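# One predicted model, sequence on top.
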Amino acid sequence: MKTLKQTYRFLIFSLLSLAILFSSCSKDKEELSAKTELLTKSAWKMTAYTVEPGFPTFDDEGNITGSTNDIFAFLDDCEKDDTHMFNTDKSMITDEGMTKCESSDPQKTNGTWSFNADETSLTITEEGEPQLVEILELTQSVLKIKSTETDGGMTFTYTITFSH
């Protein structure tokens, strides 16, 4: 038969063990920032893609007729159905979706991602190529990023919007 002292020790040990278990579980959950939770919630699909300044548009004879900022309108359907899944372990999977642009391309490709220190930018690395993008918006249903590129002395700003 257990003594009262043994029962008391067992009870204290059990309560301390439970407290440690619950605090470590909540600590693990707290380690994921709010932005990480939003980013890794589910796969993202591109819904808009623009550029500033716009690209020239041409008629059938090759004459410039104006300009457009809407790159998304010119993408093939096989590009529009791709999804991007950011995982909590900082890995990333891009899925070609229902329609692949090239039948020989893999259905899924792997990459990595990381936030900068204040979580205002992402570095996304796919096929060994890192790209830094600024986060303009990150909510439950929208991820909007911006990047810049200089080509031929001109700087272009690309903005891509993703949704769940």
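Yep, that arrived.
# hey, where'd the helices end up in the chain?
For the chain, applying DSSP state H gives helices covering 4-31, 34-39, 77-80.
# where does this structure have low pLDDT?
Along the chain, the parts satisfying pLDDT under 70 run over 1-30.
# Please go through it and pick out the longest strand.
Longest strand in the chain by number of residues (criterion: DSSP state E): strand 44-58.
# Partner strands of it and their direction?
Here strand 44-58 is paired, per DSSP bridges, with strand 64-70 (antiparallel), strand 83-86 (antiparallel), strand 154-163 (antiparallel).
# Packed most tightly, which of those would that be?
strand 83-86 (a mean of 18; mean count of other CB atoms under 10 Å). Backbone N, C-alpha and C define where each C-beta goes, glycine included.
# and that one, C-alpha only, in CSV?
Output in CSV follows, covering the C-alpha atoms of strand 83-86 (Å, rounded to 0.1, in the frame of the first residue of the first chain):
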residue,chain,number,x,y,z
THR,A,83,0.3,25.7,-57.3
HIS,A,84,3.0,26.6,-54.8
MET,A,85,3.0,25.0,-51.3
PHE,A,86,5.2,26.5,-48.6
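# Need the residues that contact it.
If you take CB atoms under 8 Å, 6 or more residues apart in numbering as the criterion, strand 83-86 is touched by 39-40, 42-45, 92-95, 97, 113, 162.
# Which residue ranges make up each domain of the protein?
Here the chain is described, according to automatic domain parsing, as comprising the domains 1-31, 34-163.
# Most neighbours among the contacts of strand 83-86, which one?
The residue in the contacts of strand 83-86 with the most neighbours, by other CB atoms under 10 Å, is L39 (23 neighbours).
# In space, what's closest to that one - neighbours in sequence excluded?
Using CB to CB, 6 or more residues apart in numbering and skipping residues adjacent in sequence, the residue nearest L39 is F86, 4.8 Å away.
# hey, what's the one you found bridged with?
Residues in beta-bridge contact with F86 (DSSP bridges): M92.
# Just send the strands paired with strand 44-58 back as TSV, with distance to T50 too.
Shown next, in TSV, are these (distance: least, CB to CB, whole Å):
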stretch	distance to T50
strand 64-70	5
strand 83-86	18
strand 154-163	5
